[in-house]
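Visitor: Predicted model and sequence below, questions to follow.
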Amino acid sequence: MKNARVGLLLALSLMITAPAFAAPDQDQIEKGHKVYDKWCFPCHGTGLGKPGTDSLAARGQKPAVLEERTDLTVPAIKTFVRHGVLFMPMFRKTEVSDADLDAIAAYLTRNNKP
Amino acid sequence: MRVPPGVSPGDFSDAIKQFQQAIGKEWVFTSDEDVDLYRDSYSPFWHEQEEPIPSAAVAPDGVEQVQAVVKIANHYKIPLWTISTGKNLGYGGSAPLLGGSVVLDLKRMNRVLEVNDKNHYALVEPGVSYFDLYRYIQDKNLKVWIDPPDPGWGSPVGNALERGGGYTPMRDHFDCHCGMEVVLANGDVVRTGMGALPNAKTWQQYKYGFGPYVDGIFSQSNFGVVTKMGFWLFPQPEAYLSGNVMVSRHDDLYALVEVFANLLNSGTVQATTTVVSPLAFGRDPELATLRASGSTKDLEDYVARKNVAYWSVSLPFYGSAKVVAAQWEYAREKFSVIPGVKFQDGASYRFPLDADQLAKITNPVPFGVPSLQTFSIGGSHSQGHMWFSPIIPMTGEAVLEAQQVFDQVFKDLSGAPGVSASFPVWSFFARAFVIIYFFPIEHDVEKNRRNREIFKRLVKTSAERGWGEYRTHTAFMGNISDAYSFNDHALRRLHETMKDALDPNGILAAGKCGIWPKAMRKAKA
Amino acid sequence: MRVPPGVSASDFAEAIKQFQEAVGKEWVFTSAEDVALYRDAYSPLMGEPNELVASAAVAPDGVEQVQKVVKIANRYKIPIYPVSTGKNLGYGGSAPVLSGSVVLDLKRMNRILEVNERNAYALVEPGVSYFDLYRYIQEKGLKLWVDVPDPGWGSPIGNSLDRGGGYLMPQYRNHFDSHCGMEVVLANGEVMRTGMGALPAAQTWQEYKSGFGPWIDGMFSQSNFGVVTKMGFWLMPEPDAYLSGTVIVPRHDDLIPLVNTLNYLENTRVTNGMPDLASPLLGIPMLSEFAARFDQGATPFDRPQDAELTALIAKAGGNMSPELDDYAQKKGIGYWSCKLSFYGATKANAANWAYAKEKFSAIPGVKFEEGDVYKLPLTAEQREKVHKPQFGIPSLAMFSIGARSAMNPEPSTGHMWFSPIIPRTGEAIFEANRVFAQAAKELGLPFLNFNLPSTYWERAFIFIFAFPVVKDIETNKKNVASFRKLIQVAADHGWGEYRTAPVFQDAIMNTYSFNNHALLHFHETVKDAIDPNGILSAGRYGIWPKHVREAKS
Amino acid sequence: MKKLGACLVVALAFFLVATALPAQEAVSRSSAWTTSTTPSQGEPRGYVQYTNDCSMCHGEGVGKPGTLALQAKYKGAVPALLDKRTDLTQALIKQYVRNGISIMPIFRKTEISDADLDAIAAYLTRNNKP
């Protein structure tokens, strides 16, 4: 099962180069920004004491702050939120609803190259 | 679809249908995908059969919906497991203790009902997080602090009910609550303290009300579902100052702790800190060698040579700028009975902190600002953790004894990865130290099995020494409850008597803190 | 011999015999003369047929004897009523709630089991009085203070279980809050320890309150769920110094910012002693000076003897009046005052007081009076001078209120306390005065023109009104009826009593009626489960055993 | 009246010297109860019990409602301090302890045993004229 998860991650990273999706509208991105600030920023934001950012920084290569990434895909984001990764726990739908998660994904992929 | 233990599939699907009618279809989760979101991300049973996974989850939005759910559960004898924000990570997360329970997820009940900055209190629902409450207070520009625990996404209600601790003078979270609303197993709503008085004017100002004070039995228990809770807040103080006290010899610990306890009990120091040996964490290779094989004398020599401390405690002071300076001065005077003691001024702040100041503070929790900084603890590759947290006396003797005893357990079991040989002791609570041992969780069955064995051994050893845990992961609640056994488990038997009377069908949080409903006690026996 | 209700004479005789075997013949009291000693000396029902009286009394000396007594009581369904020192005067004394109960008198269990100076706590039995504990600490020369309530002969355990209060730092003056760990004999005769005491080898029974699992201690306060036989208390290390200072404000409406600022200072722990509200203009004395005024031969309600003022006060009738404000300004007399106490390091006290003054300076016209500064311990001479409970010294001085004195040549035979909790705001003080003054008028009660609340609790005020108990049955009847009216008046305004005498326990519990008395029903469910025969303190705080509830309905 | 009280105290101090009681007791009677007095220290039992059980209300010094009440009642016609009285009878003492008077409550036998009460009564009547 662990291997299955790793496999999933690999598959997802391969999908990063997959074809573009329909561009989300600006309202959706703004909503996503708000939800991101509420649910993701405390761990993945800028500044001191942000373990999510620190953890990604330790991994290196890509920007550690999620908002600066342009390579995240919507399915990857959803997988991390719904399944967790390392010490990041999964989030329930009473915390981050599917609609909120769509918005977060829209926000974090807003600068992706098509 | 998974079915709760002892419930027929037919009954369960009827119950699910009624849950859906009561709270709306979208808030009853039954698909594997949705239900898996309720697994404990930091489960020590990861990839094992024993991992307790719920059968479904229901998320009511309001006390009437909670009542409806509880009544349905009673009718079909469905075991429920209540969570507030579900972020009790390291102690069980959002997963039940009994596999197949239906999680009663109160996250949607996230209203901040009142924040009063004249009498300094808040009334909140269980789904409110420390972040939510902080934001509310900031938005309204109120001059009150909350007291967050290390992780800010948890629930003030949930954390207080688990009897967690924070860092400011309001650090004992259960102690600082005032008034509850509870849905009982029969679906009835009670309000405690002054809340029992209709139109009460002091529900959040006087804890006890009239007659038996029942609030305590809803903490670390399964006697009800708390749907509202009041908290006393700390008005924003003028200033903060910290001062570090360093002593150079091993045996100085006795006097260090004695003076420290006196300062706590006399109200000079009013907040959480930790007594620590910096020697336990230094990265110097020479120090590492001394730690492994050196004598106390060797370590004392090292301390003298390198001009470091054998033990230290950093004292936090809250108050007016002049007062915190005077308190620190008085503390220095008191510690001066220890020959060779050294002092170092620490951080100093005036409140409110502006954005720039706040940005420079890695851990803002001691200033009433919630954070997730604590999750750095396991390093970037951590897959989670759980805590072993025994209460020990606030004496140097106890600290040394605990260190020696627990070190021996680790040695006997040839160590546990990531567990430090030495440890800080914390003053989260007024009078006793609590040790918080970090146990890594891995997605590795063998390592987790081994860690569980070590954990159980620690619980047992701890009990033999007269130390008990203040809180634990659901996986060990039975073990710890077993340890609190005075007079043939008289306390647990009383809890069971009450459980049977208040929740005859045993629907609420079966097994929580060792309390099982009658039917399951019989099955186990 | 009186027999408990529902018990046959022969069963009772048999039970008495077994009690005698359990505790020794001399410690079972059955003669009318001996049992009369358990009457409530301050009973408002004194001499009436419905006075609450015992049928017998049993005085065990140790937890095993308590267990035996409880088991015998269970066997014969004898209602028993534990008292600790039995000095809960004004709130019921040593008499039971249910007439005919056997009083379980724990006075002989008066051992001080431990006083730990380093970690500042004590473990005591219920018969230990504040005087006893204080003496013990003095004899051993320990640098510890006990937070005492006004009457020093009471029991720390009994007072704490009845949720009484004292005068020191907030974490000590709430006596239930400052307890840590209990030993309880349950109705089935089993002995249980709470908190860390449930751990057989416990090292921190008196250092950490809640142990593991449900924290049960609160259930044994103001209740009838068990007999507490040991209890731990957190003591206050003797501070470095004490300082007091008084804030005086000129106008009626200044009470509002006065209280708001006080709340800020108390909740940030700037001032850590019990704040002491008074009114120089209206002659309402500070609580801490109340008893001392008797020694000075003064009446406690002292104000300038001035006909104009007396007339103005009468005219205002407890309300805001511009004339009174003008008078106070003209004469330079403060309308309200509040004495603050500080315990701590000499310099910290001074700095805290300076900071408090800075904060109060937002009130125009505020004045400050420097009070006492003591480096502790007090000298023998200082000890005589001070308000003793504020220095952890037990006393009986407060009884001067009801005792014969120059101002009170024909004393009462006791008193009962009406003690509602109100919000900690100036507005609430005004409202409560309006409401209670109106009620007093309607009931013909001799209330003062204005009353100020006490500040025993950190976050709420408590009004304490004394009702005299006299020899005249008719007067007592009238007072009891008035008391009941006030309970209702208070409840209608969302104010509830924190404690009361047995005569009023049902009435007050009835006001705590949220959701059709859900909390009382909860208590009853617990009661029936853990004391199925209903032997413990039937009726205490409004909780009756099932058979009595059924008989009543 | 205040002056009268002071004279009384002076007079009593003289009186004390004349009795067999230990000299130290004359110094600070009002806080005598703050440490236990035990028979082993050679004190008569009645004095011990009186100190431990009665002096907190009936002793000397400030904050003693019993003493104040008797002062208000007799206005100096008899001493306000019980242990200076020479007119009390044992029966009367027992009557008050076991029945209370005004706001003085009843004392149970677990508080003051019959034997202790006998001793207190003997102590308080020790200087009565025969």
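Guide: Now that the structure is in, tell me what you want to look at. Bear in mind the structure is a predicted one, so any value in this text is a computation, not a measurement. Residues are numbered from 1 along each chain as shown, chains lettered A, B, ... in the order given.
Visitor: Please list all residues in contact with residue C:196.
Guide: For residue C:196, the contact set (C-beta atoms under 8 Å, 6 or more residues apart in numbering or on different chains) comprises B:391, B:468, C:181, C:202, C:203, C:204, C:205, C:207, C:208, C:211. All C-beta atoms are positioned from the backbone trio N, CA, C, and that covers glycine.
Visitor: Closest to chain D out of those residues?
Guide: Within those, proximity to chain D (C-beta to the nearest C-beta) peaks at residue C:181, which comes in at 25.1 Å.
Visitor: residue closest to the middle of chain B?
Guide: Nearest residue to the geometric centre of chain B (C-alpha atoms, centre = their mean): residue B:164, 3.1 Å.
Visitor: rewinding a little: closest to residue B:429 out of the contacts of residue C:196?
Guide: Checking those against residue B:429 with C-beta to C-beta, the nearest one is residue C:208 at 5.9 Å.
Visitor: Is the closest one in contact with residue B:429, as I believe?
Guide: Yes. Taking C-beta atoms under 8 Å as the definition, residue C:208 is a contact partner of residue B:429 at 5.9 Å.
Visitor: And the two? Which one has more around it.
Guide: The neighbour comparison of residue C:208 against residue B:429 (other C-beta atoms under 10 Å in any protein chain shown) goes to residue C:208, with 27 against 23.
Visitor: beta partners for the closest residue to the more buried one other than its chain neighbours?
Guide: Sequence neighbours aside, residue B:432 is the residue nearest to residue C:208 in space, at 4.2 Å (criterion: C-beta to C-beta, 6 or more residues apart in numbering or on different chains). Beta-bridge partners for residue B:432, by DSSP bridges, are residue B:393.
Visitor: ok so, going back, wait, which of the contacts of residue C:196 is closest to chain A?
Guide: Of all the contacts of residue C:196, chain A sits closest to residue B:391, with 26.2 Å by C-beta to the nearest C-beta.
Visitor: And the contacts of the helix or strand containing that closest one?
Guide: For residue B:391, the host element (DSSP states H and E) is strand B:390-393. Residues from elsewhere that reach strand B:390-393 (C-beta under 8 Å, 6+ apart): B:398-399, B:402, B:425, B:429, B:432-435, B:458, B:462, B:467-470, C:119, C:196, C:203-204, C:207-208.
Visitor: and it, how far out from the chain's middle?
Guide: 15 Å (C-alpha atoms, centre = their mean, to the nearest Å).
Visitor: Could you list everything residue C:460 pairs with in the sheet?
Guide: Here residue C:460 sits in beta bridges with residue C:423, as judged by DSSP bridges.
Visitor: That one touches residue B:204, doesn't it?
Guide: No. When contacts are counted by C-beta under 8 Å, residue C:460 is not listed as touching residue B:204 (9.2 Å).
Visitor: Name the next helix or strand downstream of the helix or strand bottoming out on mean pLDDT in chain A, please.
Guide: Lowest on mean pLDDT, DSSP states H and E among the helices and strands of chain A sits helix A:2-15, with a mean of 39. Moving toward the C-terminus from helix A:2-15, the next helix or strand (DSSP H and E) is helix A:26-39.
Visitor: thinking again about what came up before, let's see which of the contacts of strand B:390-393 end up in helices.
Guide: Cross-referencing those against helices under DSSP state H gives B:398, B:399, B:402, B:458, B:462.
Visitor: Mind giving me the packing neighbours of the host helix or strand of residue C:13?
Guide: In the assignment (DSSP H and E), residue C:13 maps to helix C:9-23. Here helix C:9-23 touches strand C:28-29, strand C:56-58, helix C:63-76, going by 3 or more C-beta pairs under 8 Å, 6 or more residues apart in numbering or on different chains; DSSP states H and E.
Visitor: one step back: of residue C:460 and residue B:204, who's got more company?
Guide: residue B:204 (29 against 24).
Visitor: Let's verify residue B:500: helix, strand, or coil?
Guide: Following DSSP: H, G, I helix; E, B strand; the rest coil, the label given to residue B:500 is helix.
Visitor: Tell me how many other residues crowd it.
Guide: 16.
Visitor: Surely it touches residue B:516?
Guide: No. Between residue B:500 and residue B:516 there is no contact under C-beta under 8 Å: 10.2 Å.
Visitor: which residues do those two both contact?
Guide: residue B:506.
Visitor: Please name the residues that touch the one residue in chain A that gets nearest to chain D.
Guide: Closest approach of chain A to chain D (C-beta to the nearest C-beta) occurs at residue A:49, with a separation of 54.3 Å. Residue A:49 is in contact with B:361, B:362, B:363, B:364, B:371, B:372, B:373, B:376, counting by C-beta under 8 Å, 6+ apart.
Visitor: The contacts of residue C:196 in strands, which ones?
Guide: Among the contacts of residue C:196, the residues falling in strands (DSSP state E) are B:391, B:468, C:181.
Visitor: pull the CA atoms of the strand holding residue B:391 into CSV?
Guide: What follows is strand B:390-393, C-alpha atoms only, in CSV (Å, rounded to 0.1, in the frame of the first residue of the first chain):
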residue,chain,number,x,y,z
PRO,B,390,3.5,11.6,31.9
ILE,B,391,3.0,14.0,34.8
ILE,B,392,5.8,14.1,37.3
PRO,B,393,6.3,16.1,40.5
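Visitor: circling back to that earlier point, give me the secondary structure label for the residue of chain A closest to chain D.
Guide: Residue A:49 carries the three-state label coil when classified by three-state DSSP.
Visitor: now it, nearest residue through space, not along the chain?
Guide: residue B:373 (3.2 Å).
Visitor: again, but for residue B:162
Guide: Counting by C-beta to C-beta, 6+ apart, residue B:162 lies nearest to residue B:471, which is 5.8 Å off, once chain neighbours are set aside.
Visitor: pLDDT value on that neighbour, please?
Guide: The model reports residue B:471 with a pLDDT of 96.
Visitor: Can you pull up the most central residue in chain C?
Guide: The centre of chain C sits closest to residue C:164, judged by C-alpha atoms, centre = their mean, with a distance of 3.3 Å.
Visitor: how many other residues sit next to the residue nearest to residue D:129 when sequence neighbours are not counted?
Guide: The spatially closest residue to residue D:129, leaving aside those adjacent along the chain, is residue D:86, at 6.5 Å (C-beta to C-beta, 6+ apart). As a burial measure, residue D:86 scores 12 neighbours (other C-beta under 10 Å).
Visitor: ok, which stretches of the stretch 151-300 of chain C are strands?
Guide: Ranges of strands in the stretch 151-300 of chain C, per DSSP state E, counting those that start in this stretch, are C:179-186, C:191-193, C:226-234, C:236-237, C:241-249, C:276-278.
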